[in-house]
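# sequence and computational prediction follow.
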Amino acid sequence: MATIRELAKLCNVSAATVSRVLNHDETISVSKETRKKIFETAELVSYQKPIRTKKPKPTTLTIGLVHWFNELQELNDPYFISIRLGIEEACSTHSIELVKIFNSDALEMNFPNVTFDGLIILGKFSQEHIDRFTTYSQNIVFIHSNEQHFAHDSVVVDFADVTEHVLHHIIEKGHKKIGFIGGHEVIPYTNTTLDDTRETTFKDYLTKIDLYNPNYVRIGQFDFHSGYTLMKDLIITNKEELPTCIFAASDTLAIGALRAIAEAGLSIPQDLQLIGCNDIPTSQYTSPTLSTIKIYTELMGQTGVKLLLERINGERTESIKVVVPHKVIFRESFQ
């Protein structure tokens, strides 16, 4: 496991800067790109930081960020890191105290003894959790939630539209043998596994045009290792007739798949093309560079704070659902 000094050297910053960024110090003056690079590099070298607490600075409003991941899980998921950075940036702009409440082994989620003006719920929770959250504040915004919360605001990605957009481009390029690598999410402390919209839309869309092949579909977890093992298995079991293009439901899956493809002696994009989803910073530096769907994750976080402030300030009582945009980023892996 890398040390903090080694991590600092890789990022070309001081060890103090790395420490402050990984400990969510919002007072440090570094660019968003540097923050992202530090989190990305820490993830790639499996750096595990000690969990520390710090006294928040006094501010006007206090907002709780309730995260469905613990800190180590978040460190392995650039998608949620980017959303949180957007939340932190917006809170800093408005001089809001942000209290981060990461997932724990308890239903209570280790809520501190603080009066909250509002809550941002990041991720997917059981109804039992949600009922408990409303006891801390009625001003709530959900980001990347699994339910339609009619009484509260929400910020979401239309992953069905994202998937259809991707498939349109893939088919337009003449591909007929199309594969999919995806993952399932689990609601914390339940046995409830959630179907991923990207997977169901992929199946429905291709079935309608008689291009769906279940042999080209692999489902695991949303991480690098799953991307590697799923792609490796897909190649081995379909070596006589490989798909010509793979849609990976996240960039982390796609980056893991890149390694498996290279180990199999296949060339991208000549033998196989690949497109990911999220446009995490690392996707620009893979070899080959990763084509992907850009999800405006920081905008999701910033929008969540904006909606919450409207509720706190009494500007409206109606609930709003905001769907963030996306766009295709063409790089070397899909052309």
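Right, received. Where do you want to start? Residues are numbered from 1 along each chain as shown.
# and the residue of the chain most remote from its centre, how far is that from K177?
Relative to the C-alpha centroid of the chain, counting by C-alpha atoms, centre = their mean, E240 is the outermost residue, at 34.2 Å. According to C-beta to C-beta, to the nearest Å, E240 stands 12 Å off from K177. Every residue, glycine included, has its C-beta placed from N, CA and C.
# which residues does the residue most central in space within the chain contact?
Closest residue to the average C-alpha location of the chain: Y79 at 2.3 Å, with C-alpha atoms, centre = their mean. The contact partners of Y79, taken as C-beta atoms under 8 Å, 6 or more residues apart in numbering, are S250, N278, I280, I295, T297.
# which members of the residues you listed occur in helices, if any?
T297 (DSSP state H).
# pretty sure T282 is touching A42, no?
No. T282 lies out of contact with A42 (C-beta atoms under 8 Å); the separation is 11.7 Å.
# higher neighbour count, these two?
It is A42, of T282 and A42, that has more neighbours when counted by other C-beta atoms under 10 Å, with 23 against 19.
# name the element that one belongs to?
If you go by DSSP states H and E, A42 is part of helix 32-44.
# mean confidence for the next helix or strand after that helix?
Following the chain from helix 32-44 toward its C-terminal end, the next helix or strand by DSSP H and E is strand 61-67. Average pLDDT, strand 61-67: 94.
# ok, now stretch 247-257?
Confidence over stretch 247-257 (mean pLDDT, whole number) is 97.
# quick one: the residue nearest to the centre of the chain from I209, how far?
29 Å.
# please apply the same query to K100.
45 Å.
# please enumerate the helices of the stretch 151-300 of the chain.
Taking DSSP state H, counting those that start in this stretch as the test, the helices found in the stretch 151-300 of the chain are 159-172, 197-208, 224-237, 251-263, 297-312.
# any chance of these in JSON lines, plus distance to A8 and mean neighbour count?
Formatted as JSON lines, the helices of the stretch 151-300 of the chain follow (distance: least, C-beta to C-beta, whole Å; neighbours: other C-beta atoms under 10 Å):
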{"stretch": "helix 159-172", "distance to A8": "36", "mean neighbour count": "18"}
{"stretch": "helix 197-208", "distance to A8": "36", "mean neighbour count": "17"}
{"stretch": "helix 224-237", "distance to A8": "23", "mean neighbour count": "20"}
{"stretch": "helix 251-263", "distance to A8": "23", "mean neighbour count": "23"}
{"stretch": "helix 297-312", "distance to A8": "24", "mean neighbour count": "22"}
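# could you list the low-pLDDT ranges of the stretch 101-250 of the chain?
105-109, 147-149, 189 (pLDDT under 70).
# redo that, cut-off 90
For the stretch 101-250 of the chain, applying pLDDT under 90 flags the ranges 101-115, 124-133, 145-151, 185-195.
# strands of that one, start to end?
For the stretch 101-250 of the chain, the strands defined by DSSP state E, counting those that start in this stretch cover 118-122, 140-143, 153-157, 178-183, 185-186, 193-194, 217-220, 245-248.
# would CSV of the ones you listed with mean neighbour count and distance to L167 be doable?
As requested, the strands of the stretch 101-250 of the chain are exported to CSV (neighbours: other C-beta atoms under 10 Å; distance: least, C-beta to C-beta, whole Å):
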stretch, mean neighbour count, distance to L167
strand 118-122, 25, 28
strand 140-143, 27, 26
strand 153-157, 22, 16
strand 178-183, 25, 7
strand 185-186, 15, 22
strand 193-194, 10, 21
strand 217-220, 19, 13
strand 245-248, 29, 7
